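Here is the input, now give the coordinates:
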Amino acid sequence: MMHQSIATIDSPEFINLQPLEINPLMSSCEIKVLYVGENRNQSYITKEVATEMAKTLRGAPIVGYYKEEQEDFRDHGEKMVWDGDGVRFECQTKPYGFVAPDARVWFQKFKETDDFGNEVEREYLMTTGYLWTGQYEEAKLATEQGRPQSMELDEETLDGHWSTNSKTGMEFFIINDAIFSKLCILGEDVEPCFEGARITAPEVSKQFTKMDDEFRSTLFTMMQELKSALQGGYKMELEDKNVETEVTTAEEKVEETTVAAEEAPIVEEAPVAENIEENSIEAAVEENAEEVKEEESAEETNEPEVAPVEEEAPVVEETVSEETEEVKDYALIEQELNELKAKYAEMETKYQELVTFKEAVDNEKKDALINSFYMLSDEDKKDVIENKQKYSLEEIEAKLSVICVRNKVNFDSEDSSKNEDKVEGQTTYSLDGSAVATPAWLAALKSNRDNNK
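Sure thing, here's the model as predicted:
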């Protein structure tokens, strides 16, 4: 019997986590998803449709197909497999992150250059996400250097129709509605459908986040001042009125006492009374003198102390000492910088040597791979041989394999020692060599349209 765990009746004790208390092995990123209007993939998305589609961005996975030997991402990672069951496509991408459930989504205009060198302004749908850079080291390529991005749409929910642009005569698939299924990281040498679509470290969102913080700080200060004016200021005004009332009352009492003393009848006093009066006056004078002294001493106490001129000398010495230390620190930093530059130059030289060596090894592997397709003529392999430097090993194998299928080569007669990676009765082709990757959903639509003609 498997172990069972049953919740008790007591209410759960929740942990009060703050919004920014997240896994430290993640890195935030900013994504230019798509731009509105026509694109070179022969699809068309209006801003209204993009706004509706944006409601499905949150929670979408961020995927990628990373090639270890190329040390970079490739395209959508679709692999075509031909076996006894026919042709099918397999996905080679894996999740590298996600669009957060509370991610910001907005439109932002950018000035870009089109394929003809003209400056154009495009309005992009943008959002933010998180990448597991602590788990996958290659994900740092997107946050530290930036990588192209290509969105993928869910084929089952995709709604649209084909239409011809009367001005250009080009046919476009007008998208009416769609759900984002993935956002795919591409390699630096893979051109996305939307030219400027990229995944980078936060840039635009960081700027308006800073503006929002300043606005919130200013608004909070204004609210505090308003609160003080409505509460504290009003009480101070009342207190001032009470003080004025008390002073006025005291002055009125003094005047009344003085008038009463002047109106009182004069009575001849005895000599003892005269002595008492004189003693009282002297005592009053002494009390007044003591009060004056106390007030003067209080004023002296409240006055700010002025430091002697002689005591300012240590401050000057301390300032000079701090400036000297800053000069020393700057010289030390400059020395360390020069050392780092020298190390970097040495590493750059070694890196170039490694690149040259790697290219030589790759060329040998490519030549061996091309020669392994002995069943094809030199004319069949002409394009691959001339563009050997541009194609990877996988791309060369895919292109030559497709030519074999077109020429109806009998694979049963091949030397098995030259096809160790192939399974008998199954031929695999990689589609990551296209300059502009065509999404599977658009290829399916075009194929379906051609079949219905």
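
Stretch 29-47 - what's its average pLDDT?
Mean per-residue pLDDT for stretch 29-47: 93.

Using PDB, list the CA coordinates for it.
Only the C-alpha atoms of stretch 29-47 are listed here, as PDB (Å, rounded to 0.1, in the frame of the first residue of the first chain):
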ATOM      1  CA  CYS A  29      14.200  39.300 -19.700                       C
ATOM      2  CA  GLU A  30      12.400  41.600 -22.200                       C
ATOM      3  CA  ILE A  31      10.800  40.200 -25.300                       C
ATOM      4  CA  LYS A  32       9.900  41.900 -28.600                       C
ATOM      5  CA  VAL A  33       7.200  39.400 -29.700                       C
ATOM      6  CA  LEU A  34       6.000  40.700 -33.100                       C
ATOM      7  CA  TYR A  35       5.100  43.900 -34.900                       C
ATOM      8  CA  VAL A  36       1.700  44.900 -36.300                       C
ATOM      9  CA  GLY A  37       0.900  45.000 -40.000                       C
ATOM     10  CA  GLU A  38       2.500  43.000 -42.900                       C
ATOM     11  CA  ASN A  39       5.500  40.900 -42.300                       C
ATOM     12  CA  ARG A  40       7.800  39.000 -44.700                       C
ATOM     13  CA  ASN A  41       6.300  35.600 -43.600                       C
ATOM     14  CA  GLN A  42       3.300  36.600 -45.700                       C
ATOM     15  CA  SER A  43       1.000  37.000 -42.700                       C
ATOM     16  CA  TYR A  44      -0.800  40.200 -41.500                       C
ATOM     17  CA  ILE A  45      -1.700  41.100 -37.900                       C
ATOM     18  CA  THR A  46      -3.600  44.300 -37.000                       C
ATOM     19  CA  LYS A  47      -3.000  46.100 -33.600                       C
END
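
Go through it and flag the buried ones.
For stretch 29-47, burial by neighbour count (16 or more other Cβ atoms under 10 Å) applies to 29-36, 39, 41-45. Where C-beta positions appear, they are placed from N, C-alpha and C, glycine not excepted.

Can you tell me how far residue 199 is from residue 334?
36 Å (Cβ to Cβ, to the nearest Å).

To clarify, my last question referred to residue 181.
Residue 181 is 53 Å from residue 334, by Cβ to Cβ.

more neighbours, the two?
Comparing residue 181 with residue 334 by neighbour count (other Cβ atoms under 10 Å), the higher total belongs to residue 181, at 19 against 10.

In which helix or strand does that one reside?
Per DSSP states H and E, residue 181 falls inside strand 180-185.

pretty sure residue 136 is touching residue 73, no?
No. Assessed by Cβ atoms under 8 Å, residue 136 is found out of contact with residue 73, at 11.1 Å.

Now do the shared contacts for those two.
residue 66 (Cβ atoms under 8 Å, 6 or more residues apart in numbering).

Mind checking which of those two has more residues around it?
Using other Cβ under 10 Å as the criterion, residue 136 and residue 73 rank with residue 73 on top: 28 against 17.

measure the nearest residue to that one once chain neighbours are set aside to residue 14 for me?
Leaving aside its sequence neighbours, residue 73 sits nearest to residue 187 (Cβ to Cβ, 6 or more residues apart in numbering; 4.4 Å). Going from residue 187 to residue 14 by Cβ to Cβ gives 43 Å.

higher neighbour count, these two?
residue 187 (20 against 6).

what stretches of the chain score poorly on pLDDT?
Along the chain, the parts satisfying pLDDT under 70 run over 1, 8-9, 81-84, 86-88, 205-328, 409-453.

any idea which helix or strand comes after the helix ranked longest in it?
If you go by DSSP state H, the chain has its longest helix at helix 313-372. Using DSSP H and E, the helix or strand that follows helix 313-372 in sequence is helix 382-386.

and this structure, what are its domains?
27-202, 204-244, 356-434 (automatic domain parsing).

would JSON lines of those with distance to residue 329 be doable?
Shown next, in JSON lines, are the domains of the chain (distance: least, Cβ to Cβ, whole Å):
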{"stretch": "domain 27-202", "distance to residue 329": "29"}
{"stretch": "domain 204-244", "distance to residue 329": "29"}
{"stretch": "domain 356-434", "distance to residue 329": "41"}
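
Tell me which of the ones you listed sits most buried.
Compared across the domains of the chain, domain 27-202 shows the largest average neighbour count, a mean of 17 (mean count of other Cβ atoms under 10 Å).

May I have the distance across that domain, first residue to last?
Start and end residues of domain 27-202 are separated by 10 Å (Cα to Cα, to the nearest Å).

what do you get for stretch 378-398?
17 Å.

now stretch 160-168
OK, stretch 160-168 end separation, Cα to Cα: 20 Å.

Give me the contact list for it.
38, 43-44, 170-178, 449.

so which two of those are the farthest from each other?
Using Cβ to Cβ, the contacts of stretch 160-168 span at most 22.4 Å, a distance reached by 170 and 177.

Identify the residues contacting the residue nearest to residue 73.
Counted by Cβ under 8 Å, 6+ apart, residue 187 has contacts 67, 70, 72-75, 147-148.

got these as JSON lines, with secondary structure columns?
JSON lines is the format used below for these (DSSP: H, G, I helix; E, B strand; the rest coil):
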{"residue": "67", "secondary structure": "strand"}
{"residue": "70", "secondary structure": "coil"}
{"residue": "72", "secondary structure": "strand"}
{"residue": "73", "secondary structure": "strand"}
{"residue": "74", "secondary structure": "coil"}
{"residue": "75", "secondary structure": "coil"}
{"residue": "147", "secondary structure": "strand"}
{"residue": "148", "secondary structure": "strand"}
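
Distance of residue 168 relative to residue 42?
11 Å.

ugh, typo on my part, it should be residue 192
14 Å.

the helices in the protein, which residues?
Using DSSP H, helices in the chain cover 47-53, 140, 204-230, 232-263, 271-302, 313-372, 382-386, 393-406, 440-452.

my guess is residue 65 meets residue 76, correct?
Yes. Between residue 65 and residue 76 there is a contact under Cβ under 8 Å: 6.9 Å.

What about the contacts of stretch 160-168, which are in strands?
38, 43-44, 171-177 (DSSP state E).

Can you tell me which of the residues you listed comes closest to residue 359?
residue 43 (37.7 Å).

is that closest one in a bridge, and if so with what?
residue 173 (DSSP bridges).

roughly how far apart are the residue nearest to residue 122 when sequence neighbours are not counted and residue 203?
Closest residue in space to residue 122, ignoring its immediate chain neighbours: residue 35 at 4.1 Å, by Cβ to Cβ, 6+ apart. Distance of residue 35 to residue 203, computed by Cβ to Cβ: 16 Å.
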